[in-house]
Every structure is written in structure tokens, then in C-alpha cells.
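Asks: Sequence and predicted structure are below.
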Amino acid sequence: MEYGAYKIIHVVSIVLFFSIYGMAASRGSVKKIETIVTGILLVLILVGGFGLMARLGIPHGDWPLWIKAKFAIWFIIGATGHLVLKRFPQFAMKYFWISVGLLTLASYMANYKIN
């Protein structure tokens, strides 16, 4: 696939992920279908990101710092988002905004290729 196709998959999946996650956070609970869909979206975000890396010519295993940081940020968001919704619903909106801040940091690092 082309660079543009991977970029669209990556960005649209991020927007949809945060839309669904924001809805669940504002409600303070998560439905099973939302958990499933956000899991699928996280996989699409990963596929789009790896496709973009391949199109940029970044070799496997020799990642620059900005990619390692983005991977860590997305791991944190993906692993803890629904955990907070399920176990600590009173902190759901606060954690959603923390996640938006992490998303902003990840976007900044990707756009400026911070090493």
C-alpha cells in the first residue's frame, strides 16, 4: 500500500478510538462492544504505524527514540484506558484528558521526529 493509505488508516483509527473512549469516559462506564471496537482500532493504529515506518524506510529493531516513545505512549493508553474505566470510573474523565495530552505528545514527536 501507499504511504497515504497507511496514514489514513492510522489517523482515522486514532480519531475513532478517542471518540469511543471519550464517550465511555463521559458516561463513566464501558460497554463490551466499545471494548471490542477500541481493541480493533488499537490494532489498526499499530498496523498503520508499522506501515508508515516501512514506507519511511525505518529498519526493524533499529527504531529512533520518537518511535520508541510513541510505542510506549500507545501501550500505556491501550493497556490502562479500560482498566481505569472499569476499576476507577470516578477518574475516567481525568484519565481521558491525560490520554489526550499523551496523544498530543506522541503527535508532536512524530511530526518533528524528536530523537
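Replies: Now that the structure is in, tell me what you want to look at. From a predicted model like this one, the values you see are computed outputs, not experimental measurements. Numbering: from 1, shown residues only.
Asks: drop to CA atoms for contacts and neighbour counts, all remaining ones
Replies: OK.
Asks: does the residue lying closest to residue 20 once chain neighbours are set aside count as helix, strand or coil?
Replies: Nearest non-adjacent residue to residue 20, counting by Cα to Cα, 6 or more residues apart in numbering: residue 34, 6.7 Å away. With DSSP: H, G, I helix; E, B strand; the rest coil as the basis, residue 34 sits in helix.
Asks: who touches residue 34 in this structure?
Replies: Residue 34 is in contact with 20-21, 24, counting by Cα atoms under 8 Å, 6 or more residues apart in numbering.
Asks: Just among the residues you listed, which is most surrounded?
Replies: Within the contacts of residue 34, neighbour counts (other Cα atoms under 10 Å) peak at residue 21, which reaches 24 neighbours.
Asks: What separation do you get for that residue and residue 6?
Replies: Taking Cα to Cα, to the nearest Å as the measure, residue 21 falls 22 Å from residue 6.
Asks: got it, and residue 103?
Replies: Distance from residue 103 to residue 6, by Cα to Cα: 18 Å.
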